[in-house]
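Trainee: My questions concern the predicted model and sequence given below.
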Amino acid sequence: MLIGIYTDKAVDEKSNEPPAPPPVNSGQVDPVPPAETAPVPDEGAGALIGKSAERLVKEYGEPVRKEPSAYGYEWWVYKSSGRYLLAGVENNRIVTIFAKGNINTAPFSIGRSANEIFSSRYPETEIVVHANDSYYRFELSEEELNLKPLIPIGDFYAQLYINQQTGTLSGIRFMTADVLLKMKPYELVYEGTLPEIPQPGMSAWVHIERGSEAQLADMSNLVRQQAGIPALLWIPEIKAPAKSHSKDMFEAGYFGHESPEFGDVKQRLTEAGLSFNMSDEMISANYMDAPAAMEAWLNSPEDRDVLLDESFTSFGTGAYRTHFTQIFTGM
């Protein structure tokens with residue numbers, strides 16, 4: 001079976017309007033028999049969903065960092081050569097995990113071809129979740145079905161990130177139904193009530209954004225390492241113009257590399273008192289967190305080329321709410 005990959009990112013940038021978040025509507029959701037689920041793993045990262053934070057430490061040790069998320073849980077960050085894992089911990093329980101690199105993610109394997117993964121069972125276009133005395137139906141578009149299908153696993157879910165360049169599994173996110181309903185990564189129709197979502201204040205957002213910036217930097221260098229390319233040097237001074245561009249796009253309501261007020265990336269670096277022979281950037285808007293933004297960049301040929309350009313030696317990342325900018329530079 002062949003799986004086609006589609007992306008409308010180029011259209012979004014050309015229109016200069018930010019991609020809209022998936023719509024959420026109230027409506028009738030017919031109960032359905034329990035869907036066939038993938039086998040529940042008894043080992044690996046997915047087996048930790050619902051387990052205690054102590055179990056996480058026993059399996060992976062102490063995290064290198066702990067960072068807040070916008071969804072009520074705390075990210076515990078694990079990174080080592082060739083692998084990256086983010087574990088979301090809430091009330092001492094693991095509610096979500098994002099994994100990339102050389103990590104056991106049974107029943108799926110990172111790096112395996114999508115054709116092999118779906119050779120016996122094609123992902124569903126509609127997933128119905130029953131929780132909180134309500135019914136929720138997630139509706140996946142053809143693009144989402146090919147790039148980030150959702151697979152039920154027992155009483156939790158796996159979101160698979162497929163790399164369109166290689167046709168392989170690039171990363172995976174395991175999550176409880178509660179996290180899925182908070183994130184709402186696909187179009188949603190619900191009958192009943194929506195779960196409450198945390199509303200971070202300005203001070204909380206500062207720490208959430210700082211964590212997102214560090215995560216994007218980590219994952220960028222992991223991808224370069226996997227491609228056999230030297231890691232980039234993080235330059236704090238580049239963060240300021242990157243963050244300013246993310247904030248500008250968010251507040252002015254546009255999506256593009258050229259700010260109507262502050263110009264292109266070279267002009268913005270110059271205004272910040274920085275001078276480089278080479279510069280480029282990757283941008284994203286309305287992504288639920290850093291892993292989602294990174295996987296989207298990897299599915300954009302233009303952004304992937306920038307990320308893997310050996311001419312660049314340094315970079316800086318700036319996050320503002322759900323908008324992200326990563327600036328690459330070289331001498």
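Mentor: Nice, I can see it.

Trainee: I'd like the average pLDDT over stretch 159-167.
Mentor: When pLDDT is averaged over stretch 159-167, the result is 95.

Trainee: Work out which residue lies at the spatial centre of this protein.
Mentor: residue 292 (1.5 Å; CA atoms, centre = their mean).

Trainee: pretty sure that one contacts residue 175?
Mentor: No - counting by CB atoms under 8 Å, residue 292 stays clear of residue 175, with 11.9 Å between them. Every residue, glycine included, has its C-beta placed from N, CA and C.

Trainee: Setting aside sequence neighbours, what's the nearest residue to the residue nearest to the centre of the chain?
Mentor: residue 185 (7.3 Å; CB to CB, 6 or more residues apart in numbering).

Trainee: Over to residue 314?
Mentor: The nearest residue in space to residue 314 (CB to CB, 6+ apart) is residue 233, at 4.4 Å.

Trainee: repeat for residue 263
Mentor: residue 271 (7.8 Å).

Trainee: who's in contact with that neighbour?
Mentor: By CB atoms under 8 Å, 6 or more residues apart in numbering, the contact list for residue 271 reads 241, 262-263.

Trainee: Residue 155 against residue 178, yeah?
Mentor: No - Residue 155 lies out of contact with residue 178 (CB under 8 Å); the separation is 10.7 Å.

Trainee: if you count what's nearby, which of these two comes out ahead?
Mentor: Per other CB atoms under 10 Å, whichever of residue 155 and residue 178 has more neighbours is residue 178, with 19 against 13.

Trainee: Tell me which other helices or strands the helix or strand encompassing the more buried one touches.
Mentor: Residue 178 belongs to helix 177-183 when assigned by DSSP states H and E. Packed against helix 177-183, as judged by 3 or more CB pairs under 8 Å, 6 or more residues apart in numbering; DSSP states H and E, are the following elements: strand 93-101, strand 126-131, strand 156-163.

Trainee: I'd like these as a markdown table, with distance to residue 203 and mean neighbour count appended.
Mentor: A markdown table is the format used below for the helices and strands packed on helix 177-183 (distance: least, CB to CB, whole Å; neighbours: other CB atoms under 10 Å):
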| stretch | distance to residue 203 | mean neighbour count |
| --- | --- | --- |
| strand 93-101 | 23 | 24 |
| strand 126-131 | 31 | 17 |
| strand 156-163 | 30 | 22 |
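
Trainee: one step back: okay but the residue nearest to residue 314 is in contact with residue 316, surely?
Mentor: No - between residue 233 and residue 316 no contact is recorded; they are 9.8 Å apart, counting by CB under 8 Å.
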